[in-house]
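Student: can you look at this prediction? I've put the sequence above it.
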Amino acid sequence: MTDLSPTIPCARADLPRWTGVFPAVTTKFKANEDLDIAEMERHFDFQIQNGVHGLVTGGSLGEASTLTLEEKLEVAATALRVSAGRVPVLANVSETSTRNAIRYVEAAAKLGVQGLMLMPAVLYPADTREAMANVRTIAQAAQLPIMIYNNPVSYRVDLKPEDMVELADCEWLVAIKESTDNIRRVTDLRNALGTRYQLFIGVDDLSFEALALGCEGLLAGLCDAFPAETVALYKLMQAKRYDEALKIYQWFMPLLHLDVSAKLVQNIKLAEAMAGVGNEHVRRPRLPLVGAERERVATIIQRGLDTRPDLSGLF
């Protein structure tokens with residue numbers, strides 16, 4: 001598919017066209033809530049060894065709201081050190097003001113991150129004019145490729161296709177993380193914008209549908225515990241081997257639902273722990289799951305582990 005309107009500026013040719021599976025990595029803590037750098041080093045390398053195509057640090061799943069600016073930078077620096085150029089590292093921007101975001105992205109750029117994922121300013125539900133000005137100002141300050149994170153369900157700011165058209169003249173904007181929870185939006189974006197932006201789906205349990213509609217990537221959560229299966233799903237869809245992809249997706253679906261929850265951090269950290277690739281330490285006010293809630297989630301995870309698909313011979 002090509003750009004449909006000659007009035008929409010093309011993407012800058014020298015900036016990356018990200019594709020593939022980009023996990024929103026969890027931030028690892030020790031029992032006392034300090035950052036656990038060694039555990040993050042192991043986990044980030046585990047993701048890359050299992051074929052992911054990028055890492056995104058300090059997102060919602062990375063408990064960004066509990067991290068200081070310096071801690072967010074330390075997590076990004078850890079990912080850069082582990083990646084060592086094997087995959088791009090994107091630092092998520094989730095500040096309460098444009099001013100704070102500029103301070104953060106300038107420091108992240110100095111670290112050498114290959115790009116940013118940009119959420120709207122958190123806490124304040126900006127209107128469209130404010131939200132677009134926020135995007136433009138941060139992009140200009142960062143001078144880095146940016147994936148716009150559009151999640152009106154959680155953050156009450158919705159940049160619609162016509163807003164993305166208006167933002168298309170901002171040269172640093174290269175991708176959209178689509179998280180409206182409305183699968184129709186993927187086709188609306190394509191019809192309005194052609195291939196101006198790379199599209200990533202940010203809702204785990206819409207992965208198959210979004211890839212079938214032409215999304216170039218997954219910004220994935222359960223990938224933290226199940227990277228090989230997530231990458232296999234993506235590769236099968238790219239190869240148009242839909243029947244094989246659907247079997248993995250149907251096995252995966254109960255687990256993927258755990259990403260669409262106010263307790264997604266605790267759910268996914270429990271999945272990491274049960275899969276043997278992480279621990280459940282979170283930073284308060286979050287607490288690990290307990291009681292019937294924990295039993296329900298653990299049952300879903302254990303069932304997934306017990307029936308894990310055999311990926312050998314697929315590729």
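Tutor: All right, it came through fine.
Student: which residues of this structure fall in strands?
Tutor: 20-23, 55-57, 89-93, 115-118, 146-150, 173-178, 198-201, 217-220 (DSSP state E).
Student: for Gly313, which of the ones you listed is the nearest?
Tutor: strand 20-23 (20.2 Å; C-beta to C-beta). (C-beta placed from N, C-alpha, C; glycine too.)
Student: low-confidence stretches in the stretch 1-150 of the chain?
Tutor: 1-6 (pLDDT under 70).
Student: bridging residues for the spatially most central residue of the chain?
Tutor: In the chain, the residue lying closest to the centroid (C-alpha atoms, centre = their mean) is Leu219, at 3.4 Å. In this entry, Leu219 is beta-bridged to Phe22, by DSSP bridges.
Student: and it, what does it touch?
Tutor: 22, 24, 56, 117, 147, 177, 179, 200-202 (C-beta atoms under 8 Å, 6 or more residues apart in numbering).
Student: what about Arg284, neighbour count?
Tutor: When counting by other C-beta atoms under 10 Å, one arrives at 7 neighbours for Arg284.
Student: now do the same contact list for it.
Tutor: Arg284 neighbours (C-beta under 8 Å, 6+ apart): 33, 66.
Student: distance check, it against Met119.
Tutor: 22 Å (C-beta to C-beta, to the nearest Å).
Student: just Leu218 next, same as before
Tutor: 18 Å.
Student: neighbour-wise, which of the two wins?
Tutor: Neighbours were tallied for Leu218 and for Met119 using other C-beta under 10 Å; the higher tally belongs to Leu218 (29 against 24).
Student: spatially nearest residue to the more buried one (excluding sequence neighbours)?
Tutor: Leaving out its chain neighbours, the residue that sits closest to Leu218 by C-beta to C-beta, 6 or more residues apart in numbering is Val21, at 5.0 Å.
Student: for the one you found, what are its contacts?
Tutor: 51-54, 217-218, 220, 223, 227, 230-231, 234.
Student: just Val87 next, same as before
Tutor: Val87 sits next to 48, 52-55 when contact means C-beta under 8 Å, 6+ apart.
Student: out of these, which is nearest to Lys30?
Tutor: Looking across the contacts of Val87 and measuring by C-beta to C-beta, the closest to Lys30 is Leu55, at 21.0 Å.
Student: what are the boundaries of the helices in the stretch 151-300 of the chain?
Tutor: 152-155, 161-167, 184-193, 207-212, 227-238, 242-256, 264-275, 291-306 (DSSP state H, counting those that start in this stretch).
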